[in-house]
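1. Sequence first, predicted model second:
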Amino acid sequence: MTPPRPLRTSNGGSREDFLAALSFEPDHFQIEALDAIDEENNVIVSAPTGSGKTLVATYGIDRAFERGDKAFYTTPLKALSNQKFVELIARYGEENVGLLTGDAAIRAHAPIVVMTTEVLRNMLLTKSPLLAGLGAVILDEVHFLQDPYRGGVWEEVLILTPTSVQFICLSATVANARVLGEWIETLQGPTAVIVERHRPIKLRNHVAVVPRSDRVPKLVDLLAKGRVSEEGLRIDQANRRATRSRGSWSHGRHHGPPRAFGPPRRNELLELLDERSMLPAIFFIFSRAGCDEAVRSLVRDGARFVSRSERIKIRTIAEHFVEEFDDDELDALGYGQWVEALEAGVAAHHAGLVPAFREAVEVLFTEGLLGVVFATETLSLGINMPARTVVLERFSKFGGAGRSTLTSGEYAQLTGRAGRRGLDEEGHAVVCYSLEASIADVARVAIAPPPDLHSSFRPTYNLACSLIPEFTRDQANAILASSFAQFEADRRSGEQRRSVAELFSRRLAVLEELHYVDGWRLTERGQQLRAIYHEADLLIAQAQVEGAFDDLEPALLAGLLSSFIFEPRRARHTPGTRTQRRSNKKKGALPDRLGQGRRRALAERAEVLSRISAMVHQVEEIHMVSRSRSVEPGLSTAVSSWARGASLGTALDVAAADVGEVSPGDFVRVVRQVADLADQLSQSSSSPDVAEAARALVPMVLRSVVAGGSPGVSASPRPAPL
């Protein structure tokens, strides 16, 4: 290979200096990517989780920084943006790094800005002045473009960004990375596609089973010489024989002989992993409630994975993350139980926890102060939290179409966290045996090639209203024709081919019928819709048109806006219950600070929103457009109560009475999104009164635990006391 050219980097050194500063020898794929960046090409790096794609991004930022260009680092998740913000400050200095998410706006004019991908898309649509001087964009987790709800945002960014900007796209391993590269090259010019299949740390795949003969869990190799292991096949055969025997006995009183092998219990499996020095572990359970129950069960059984001195450090770090919360909030959050589990070396990690709790767990685990974290799959999406072992409790999960077996891509993403570079010679993936999938089936998925990446792009109402003032109809159709969705469609034949422009035309027909456009011109309504960036954009705009937000005090407007955000599936149990134990809880009426008049007003406006939603859905059906999301007012009284100054505990109790138990993390996320939507209304509404109410409600809801995040995510970050 030709030696790389010496180039200046941000610290004034050459490329050789950049490489010499690393604590490890860079892999061949990393050198290839650095070469492409030096040649000013766009780059796609498709590589396994934990393989070192971040080094490529860092070098790209260094090069832009040295040239005096801006660099934007985009991620699909606010939590990942927050983590990256802290990491980049450590490298480039506080004054050089900013953050833009729906929750935070810190140093937006800095030369390096971390943001969610939606933020960049919105900047491009509005031609934000912050784009001036932009030289490089890092699209982290670019495989997210196949996400059915948000994936189109990545395509809009790639389509709308000027070709003078260099793209560095980081992706999990996908089979058709070169096809993606071909598409990006049609948009942005020369694009290097670098594919790495090799993991930097060897992965050993196991199945955890319990033989009926001794009732003690054991680990069996899943694979041998690239196929299912002989022992795995013997276990499958033994259980198949037992199943046939049970079937032949089914006519009698007995169910036949028990199966030869069964699944392990969590605590016994973790004891085995501890004995084999295979901790720390991330234990994936595809259920928030399951994660929480697993933590409670281990603590109840007296599990301990840390020493006395480590427990002292754990409490110090935990207190650092919650130091701005008062006692009532800590009580409502279950702080006592949470920190008790942490001091045992056990934690949960999922979206139902408030950000401060999640971020504390991430720091503690990274510092080696936790033995096991029970997590949902969101932990596998980019959060830097490697483990020695990854455990999958089940080989299936619930999705939009019911329960389904994990795909090869999902298996690779989840097990990608196994093996810590510089600490472990090998990582371990452990699948808990169950009857829903044979060991042979698990092995087939584990060795299967990665899946193809497919577009999920659909033109939105907001995109339509953004294109009309800036482009002619032909130009807009050309933009849509340049999408990855159309690129893929053009490679198909016959009836499988579909036109993105046709979908766009149907959206335009809906907008025309509802008077948002007149031919190829935006009406006043359309101008308002253009300024709303939300999956319920048309419903929100129509609610404004029909006066649903008029004459509401700020707190009630906050509650009403939650109807466009809340997802009832996030509530647990039945209305009227809240299982979270709180001290000093009083019986009687809840101090929700609303009164019957405000509750009645909210109920009446909820009826208005439901009518508007039904009308919009009817128009969409006529024009064969997929339906906008429905309004869900279940959390409106709780959010209004919070906006009027009620405590977190009271707001959660109000929510429990209305829709069932809502986790603190879900409540905080909804309220933060209410604040973001209100900020948009304050700038877009044609009604001065609505705009003022929206402006006023933002500080009313962004207080206390809702406003509080990680101490590290602020204008002057305060790192945890390690």
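-> Received it, and whenever you're ready, just let me know what you need.
2. Please make it C-alpha for all contacts and neighbour counts, starting now.
-> Will do.
3. how near is the residue nearest the centre of the chain to G409?
-> Among the residues of the chain, the one closest to the centroid is L77, at 4.6 Å (C-alpha atoms, centre = their mean). Look at L77 and G409: by C-alpha to C-alpha, to the nearest Å, they are 19 Å apart.
4. A20: how many residues sit nearby?
-> By other C-alpha atoms under 10 Å, the residues close to A20 number 12.
5. Now do the phi/psi pair for it.
-> A20 adopts backbone torsions of phi -70, psi -30, taken as degrees, to the nearest 10.
6. what's the answer for A192, then?
-> Per degrees, to the nearest 10, the backbone of A192 is at phi -90, psi 130.
7. thought it was touching A36?
-> Yes: the criterion here is C-alpha atoms under 8 Å, and A192 meets it with A36 at 6.4 Å.
8. Partner strands of the helix or strand of the chain with the lowest mean pLDDT, with direction?
-> Scoring the helices and strands of the chain by mean pLDDT, DSSP states H and E places strand 396-399 at the bottom, with a mean of 77. Here strand 396-399 has these sheet partners by DSSP bridges: strand 402-405 (antiparallel).
9. any idea which helix or strand comes after the partner strand?
-> Downstream of strand 402-405, the first helix or strand assigned by DSSP states H and E is helix 408-415.
10. Show me what that next one is in contact with.
-> By C-alpha atoms under 8 Å, 6 or more residues apart in numbering, the residues outside helix 408-415 that reach it are 48-49, 172-174, 377, 380-381, 390, 429, 445-451.
11. The residues you listed, buried ones only, as a PyMOL selection?
-> The buried residues among the contacts of helix 408-415 can be selected in PyMOL (16 or more other C-alpha atoms under 10 Å) with this line:
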select buried, resi 48+49+172+173+174+377+380+381+390+429+445+446+450
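12. ok so, going back, identify the contacts common to A192 and A36.
-> Counting by C-alpha under 8 Å, 6+ apart, the common neighbours of A192 and A36 are N42, V43.
13. A303: neighbour count?
-> Residues near A303, counting by other C-alpha under 10 Å, number 18.
14. and it, backbone torsions?
-> The phi and psi torsions at A303 (degrees, to the nearest 10) take the values phi -60, psi 140.
15. Repeat that for Y73.
-> Torsion angles, degrees, to the nearest 10, at Y73: phi -110, psi 110.
16. Mind listing what's buried along stretch 127-138?
-> By 16+ other C-alpha under 10 Å, the buried positions in stretch 127-138 come out as L131, L134, G135, A136, V137, I138.
17. bridging residues for the last one?
-> In other words, I138. On the basis of DSSP bridges, I138 is bridged to Y73, I168.
18. Mind picking the two most distant members of the buried residues of stretch 127-138?
-> Greatest spatial distance among the buried residues of stretch 127-138 (C-alpha to C-alpha): L131 and I138, at 14.2 Å.
19. residues making contact with the longest strand belonging to the chain?
-> Using DSSP state E to assign secondary structure, the strand with the most residues in the chain is strand 202-211. Under the criterion C-alpha under 8 Å, 6+ apart, residues 216-223, 260-264, 269, 418-419, 425-433, 439 lie in contact with strand 202-211.
20. so what strands line up beside it?
-> Here, using DSSP bridges, strand 202-211 pairs with strand 218-221 (antiparallel), strand 261-262 (antiparallel), strand 426-432 (parallel).
21. For stretch 114-130, measure first residue to last.
-> Using C-alpha to C-alpha, first and last residues of stretch 114-130 are 13 Å apart.
22. Tell me which stretches of the stretch 101-250 of the chain form strands.
-> 105-106, 112-116, 134-139, 166-171, 191-195, 202-211, 218-221, 223-224, 227-228 (DSSP state E, counting those that start in this stretch).
23. thinking again about what came up before, buried by neighbour count, from the contacts of strand 202-211: which ones?
-> For those, a burial check counting by 16+ other C-alpha under 10 Å picks out 217-223, 260-264, 269, 418-419, 426-433, 439.
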